[in-house]
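Asks: coords please:
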Amino acid sequence: MKKIYVLVLILVISGLPMLAEQVNVTGDWAFTLTTPRGERTSNLKFVQEGDKLTVTMEGMRGEEITGEGTVKGNDLEWSITREGPRGSFTMTYKGKIQDANNITGEVEMGDRGSVSWKATRKTS
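Replies: Numbering: from 1, shown residues only. Purely as a prediction, here's the structure:
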């Protein structure tokens, strides 16, 4: 019986590094925002260095919008400040890495509420 416990312990310990392995999100992604007016799809680029995240998004008018954030485990977060007709506002994106190719989350838009989003890694 002791041998079984030792074997299970060895298997658990040897598997821990795989559990701690973090997906690197660096790359180009298709980004879909689900709004009350329907889905809006654009391009998104992540550059991840350790837990630091730099994000370049394509705006509704085709302009580039950049933001910075963090990746901790399977959670990521970044903020972007935008100018609108009613002044500037900050959008905070929070997401969960589902696997190497899929991320889901919500974006908080200050007093304008929040909506869900998803990102799918683009393949070459």
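
Asks: and the strands in the protein?
Replies: Secondary structure of the chain (DSSP state E): strands located at 27-35, 38-49, 52-58, 64-72, 75-84, 87-99, 102-108, 114-121.

Asks: got CSV for those, with mean pLDDT and distance to residue 4 too?
Replies: Every residue, glycine included, has its C-beta placed from N, CA and C. Putting the strands of the chain into CSV (pLDDT from 0 to 100; distance: least, Cβ to Cβ, whole Å) gives the following:
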stretch, mean pLDDT, distance to residue 4
strand 27-35, 94, 43
strand 38-49, 94, 41
strand 52-58, 94, 43
strand 64-72, 94, 36
strand 75-84, 89, 36
strand 87-99, 92, 32
strand 102-108, 96, 37
strand 114-121, 96, 41
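
Asks: dump these to CSV, plus distance to residue 2.
Replies: Conversion of the strands of the chain to CSV gives the following (distance: least, Cβ to Cβ, whole Å):
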stretch, distance to residue 2
strand 27-35, 47
strand 38-49, 44
strand 52-58, 46
strand 64-72, 38
strand 75-84, 39
strand 87-99, 38
strand 102-108, 43
strand 114-121, 46
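
Asks: could those be laid out in CSV, adding mean neighbour count?
Replies: What follows is the strands of the chain, written out as CSV (neighbours: other Cβ atoms under 10 Å):
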stretch, mean neighbour count
strand 27-35, 16
strand 38-49, 15
strand 52-58, 17
strand 64-72, 15
strand 75-84, 14
strand 87-99, 15
strand 102-108, 17
strand 114-121, 17
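
Asks: bridging residues for residue 70?
Replies: In this structure, residue 70 has beta-bridge partners residue 52, residue 77, where bridges are defined by DSSP bridges.

Asks: list the contacts for it?
Replies: Listed by Cβ atoms under 8 Å, 6 or more residues apart in numbering, the contact set of residue 70 reads 51-53, 76-78.

Asks: relative to residue 96, which of the residues you listed is nearest.
Replies: Minimum distance to residue 96 across these is 7.8 Å, recorded for residue 76 (Cβ to Cβ).

Asks: which residue packs closest to that closest one, ignoring adjacent ones?
Replies: The shortest distance from residue 76 to any non-neighbouring residue, by Cβ to Cβ, 6 or more residues apart in numbering, is to residue 95 (5.1 Å).
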